[in-house]
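Trainee: Mind folding the following:
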Amino acid sequence: MSAKRGVGSIVGTITQRLLVNSWVDPEEVSPILPAGLRPHVGTNGGVVAGCCMIEIAHTRPWPTPRFVGVSLRAAAHRISVEVGPVDQPTLAVYVPVRHTDSRPAILAGGRVFPGVHVPARIGIAKDDQVLSWEVCEAAESVDRFGIAATASLHGEAAVNSEVADIVIGTTLGLSPGRQVAQLEAVEMFPAESVAQLVELKALESAFQSSFRSAVEAETLLMTDVDVTWTRSQLPG
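Mentor: Residues are numbered from 1 along each chain as shown. Below is the predicted model of the structure:
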C-alpha cells in the first residue's frame, strides 16, 4: 500500500501487529454500530470482528527525523463495516475504543490527531516459539477492557485469504471522537500488506466472547513494516 504523506501525517514502523479474528453473524453486530455504519458481510455471510494489538517504533509527525520518534503499544477491538451509499460503499473498520500505554498518544488523540486513546497497561512476551500480549485497563480508565492473547509462531510465511484482505486491506478506521456522537476518520497505510498466519493458542476477550455466533478465523502477524497514518473524512 502507499500513502501520500503530508504535513499532519504520522509515520512509524510496526515492530509487531497481532490480529485475532472471528466471523460473526451480522445480526449480532448491527445493534452495536453507530448510525450510518453497516456490517461488511463476507462471502460466507459473516462479519470479521476481532482484536488488534500493535507495537510501533519511531512514531513521529512527518517529516521529522526517525530519531525523534517514540515507541508505543496499543490495542483495540475492531469490526469490519461499510459506510456511504449502499450501492457504492466504502469499506472501513469500526473501533469502539483504543487503548495505549503511551502518554503522548493519550494526550494527542482526538485533539492533535484523530483517534482517542485511553490508558492501559500492556505487556508483551516473545521468543522464537510464542508471542503473548496482555492488555488491561489502567486504574484511571472508566471502561471495562482486557485482552490476553497467546499465539504460536509456527505458521505460514504469508497468507492470502479473505480475512487478510479485509483486515489488512482496509485502510479507513472510524472511532468515536471526544464528542462521542461524532466519528473520527483516519487512514492507515502499511508499506507492505504481507502477514504471517500464526496459530492462536489462547484468548481472553470479553468483546470476542460476547458474540454467541463467533467462529474463530485466521490469526495474523505483521512485523517490521513502515506505516503512515493520515487524516480522512467520513464518506457521505
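Trainee: Beta-bridge partners for the residue nearest the centre of the chain, please?
Mentor: Central residue of the chain (Cα atoms, centre = their mean): Cys52, 4.3 Å from the mean position. Assessed by DSSP bridges, Cys52 has beta-bridge partners Leu19, Ala76.
Trainee: How about the helix or strand Lys201 falls within, which residues are buried there?
Mentor: Taking DSSP states H and E as the criterion, Lys201 maps to strand 196-205. Buried residues in strand 196-205, defined by neighbour count with 16 or more other Cβ atoms under 10 Å: 196-198, 200, 203, 205. No exception for glycine: its C-beta is placed from N, CA and C like everyone else's.
Trainee: Next: stretch 166-173.
Mentor: With burial defined by 16+ other Cβ under 10 Å, the residues of stretch 166-173 counted as buried are 166-168, 170-173.
Trainee: What about those, which are in helices?
Mentor: Those of those mapping onto helices are 166-168, per DSSP state H.
Trainee: For these, please prepare JSON lines with the additional fields distance to Ala57 and pLDDT.
Mentor: Shown next, in JSON lines, are those (distance: Cβ to Cβ, whole Å; pLDDT from 0 to 100):
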{"residue": "Ile166", "distance to Ala57": "26", "pLDDT": "95"}
{"residue": "Val167", "distance to Ala57": "22", "pLDDT": "95"}
{"residue": "Ile168", "distance to Ala57": "19", "pLDDT": "94"}
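Trainee: quick revisit: pretty sure the residue nearest to the centre of the chain contacts Ala76?
Mentor: Yes. At 5.2 Å, Cys52 counts as touching Ala76 under the criterion of Cβ atoms under 8 Å.
Trainee: per-residue pLDDT, the residue nearest to the centre of the chain?
Mentor: pLDDT, Cys52: 96.
Trainee: now swap in Leu200 and tell me
Mentor: Confidence score, pLDDT, at Leu200: 96.
Trainee: now swap in the one 10 residues further on and tell me
Mentor: For Ser210, the pLDDT comes out at 92.
Trainee: And for the one 10 residues further on?
Mentor: Leu220 is assigned a predicted lDDT (pLDDT) of 95.
Trainee: Show the contacting residues for it.
Mentor: Shown in contact with Leu220 (Cβ atoms under 8 Å, 6 or more residues apart in numbering): 18-19, 21, 159, 163-164, 167-168, 195-198.
Trainee: What is the subsequent helix or strand relative to the helix or strand containing Ile122?
Mentor: Element membership for Ile122 (DSSP H and E) is strand 117-126. Next in sequence after strand 117-126, counting helices and strands by DSSP H and E, comes strand 130-137.
Trainee: Name the residues of that following strand that are buried.
Mentor: 131-137.
Trainee: Same list (those) but as CSV, adding distance to Arg178 and pLDDT.
Mentor: CSV is the format used below for the buried residues of strand 130-137 (distance: Cβ to Cβ, whole Å; pLDDT from 0 to 100):
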residue, distance to Arg178, pLDDT
Leu131, 33, 96
Ser132, 32, 97
Trp133, 27, 96
Glu134, 27, 95
Val135, 22, 94
Cys136, 23, 90
Glu137, 19, 81
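Trainee: Out of those residues, flag the one nearest to Ile122.
Mentor: Val135 (5.1 Å; Cβ to Cβ).
Trainee: who's in contact with the strand holding Lys201?
Mentor: 18, 20, 51, 77, 130-131, 146-159, 216, 218-223.
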